[in-house]
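> compute the structure for the input listed below.
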Amino acid sequence: MKTTSFLSITALIISVLILWGLREIIILFFAAIIIAMALCTITGKIRVFLKIPRWVSLVLTIISILLISSISIVIIIPQFTSEFQELINQIPSAVSKLWELSINTFFNFAEIIYKDNIPNLSDRTILTNKISMIPDGATLASGVTDSITKLVGLVSNVGIGILQLFFIISVSLMITLQPNSYREVAILLVPSFYRRRARTILLRCGNALSSWMAGVLISSIFVVIITSVGLYLLGIKLVIANALIAGVLNVIPNVGPTISTIFPLSVALLDTPWKAVAVLGLYIVIQNIESYVITPSIMHKQVKLLPGLTITAQFIFTILFGPLGLLLAIPMAVVIQVFVKEIIINDILEKNYFSTRM
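Model (predicted):
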């Protein structure tokens, strides 16, 4: 092996190790880019609509966001916090009731099937002995409570969370103030013959992210509204908390909607069992409308990700970056897909862009 080749491989390995060590900073920086893209998109829309300078539209954007956040903190957040705490407290009781319903259903079916063959089967002590190795509802409820407590303790490192949030907000504001300058710095890292093409690719990544964010926002608002109306008509308690949880978790495809179903099911199960079935049906209908009607109609310009690639991206990025990786898996997958399509497929495999210029 030549010395230059050996040095190149060594440099590549060292670079990969450095990036792996900085992966937490990288994911935070990517989150800042996502927020900066959102701010730039809103700023651009306001600038075009009102025909005002960019700095004025940026100030209006920040003031609007602060105003909306303040209203949410004063009006929505206290109600949501109260209802969410009540939701958490009701989950163990719901598990106990579900266990009780399961046992009763099992006994009823067993009596119907075996009453002619086993005369003493009506005495439920026999069946109780046969399923004695299965944990009862209280044990399951205690297990659920312990799991929730451990989960909350796992993610409740307030100090680190505040520092990370401060870093994300600070970097996103810096990028928003001078987006073109930061983009040009990134372009300087690529060979000179490819910089014009790199600028086009970065613009397409930005458009894809903007389209994704707009689509997710509209989709989440739809989920919140329809969920609120559906739960209210079914007479389910804690509507605000359940609706907001469904809207927020809608950002995470596949995993989010499944998790959001747990909370209203718990509330409905404690009220009337048939309401739990109705809530499950409601959420299935909402997710199908969101997946097959709302999302395709508002994201027709977005880079489309296949379901298999979506799940794979969520799995990989969660392992690499933790919970934040799960939350940002889809936008990262959108950016990666743009890079793969534009660089690997279009420039290397089809046009052989690099070999004709080197």
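> helix or strand for Arg199, which one?
helix 195-234 (DSSP states H and E).
> elements contacting that helix?
Applying 3 or more Cβ pairs under 8 Å, 6 or more residues apart in numbering; DSSP states H and E, we find helix 195-234 packed against helix 23-50, helix 179-187, helix 239-249, helix 273-289, helix 295-298, helix 329-339. Heads up, the C-betas are built off the backbone N, CA and C, glycines and all.
> relative to helix 195-234, how tilted is the second one?
Helix 179-187 and helix 195-234 meet at an angle of 120 degrees, taking axes from the mean of the first three to the mean of the last three Cα atoms, to 10 degrees as the criterion.
> may I see the buried residues of helix 179-187?
Pro179, Tyr182, Ile187 (16 or more other Cβ atoms under 10 Å).
> likewise the fourth one?
Of the residues in helix 273-289, Lys275, Ala276, Ala278, Val279, Leu282, Tyr283, Ile286, Gln287 count as buried by neighbour count, 16+ other Cβ under 10 Å.
> so who does the first one touch?
Put plainly, it is Lys275. Lys275 is in contact with Leu234, Gly235, Ile236, Ala268, Leu269, counting by Cβ atoms under 8 Å, 6 or more residues apart in numbering.
> try it again at 7 Å.
Contact analysis of Lys275 by Cβ atoms under 7 Å, 6 or more residues apart in numbering lists Leu234, Ile236, Ala268.
> hang on, the earlier thing: worst average pLDDT in the helices and strands packed on helix 195-234?
The minimum mean pLDDT among these belongs to helix 295-298 (a mean of 64).
> returning to what we had before: out of the helices and strands packed on helix 195-234, nearest to Val74?
helix 239-249 (14.3 Å; Cβ to Cβ).
> what packs against that closest one?
helix 77-114, helix 195-234, helix 255-271 (3 or more Cβ pairs under 7 Å, 6 or more residues apart in numbering; DSSP states H and E).
> what's the angle between that helix and helix 255-271?
160 degrees.
> which of the buried residues of helix 179-187 lies closest to Leu244?
Pro179 (31.0 Å).
> where's the closest residue to the closest one other than its chain neighbours relative to Gly206, distance?
Spatial nearest neighbour of Pro179, excluding adjacent residues (Cβ to Cβ, 6 or more residues apart in numbering): Cys40 at 5.5 Å. Counting by Cβ to Cβ, to the nearest Å, the separation of Cys40 from Gly206 is 8 Å.
> want to throw the helices and strands packed on helix 195-234 into TSV with distance to Thr310?
Shown next, in TSV, are the helices and strands packed on helix 195-234 (distance: least, Cβ to Cβ, whole Å):
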stretch	distance to Thr310
helix 23-50	17
helix 179-187	26
helix 239-249	15
helix 273-289	14
helix 295-298	12
helix 329-339	7
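> out of those, which comes closest to Ser260?
Nearest of the helices and strands packed on helix 195-234 (Cβ to Cβ): helix 239-249, 4.3 Å.
> dump that closest one to CSV, restricted to CA.
The C-alpha coordinates for helix 239-249 follow below in CSV (Å, rounded to 0.1, in the frame of the first residue of the first chain):
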residue,chain,number,x,y,z
VAL,A,239,-59.7,16.0,26.0
ILE,A,240,-57.1,18.8,25.9
ALA,A,241,-54.3,16.6,27.2
ASN,A,242,-55.1,13.7,24.9
ALA,A,243,-55.5,15.9,21.8
LEU,A,244,-52.3,17.8,22.4
ILE,A,245,-50.4,14.6,23.0
ALA,A,246,-51.8,13.1,19.7
GLY,A,247,-50.7,16.3,17.8
VAL,A,248,-47.2,16.4,19.3
LEU,A,249,-46.5,12.7,18.8
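> ok and it relative to helix 273-289, angle-wise?
30 degrees.
> buried residues, helix 239-249. List them.
Val239, Ile240, Ala241, Asn242, Ala243, Leu244, Ile245, Ala246, Gly247, Leu249.
> excluding chain neighbours, what is closest to the last one?
Excluding its sequence neighbours, the residue lying closest to Leu249 (Cβ to Cβ, 6+ apart) is Gly256, at 3.4 Å.
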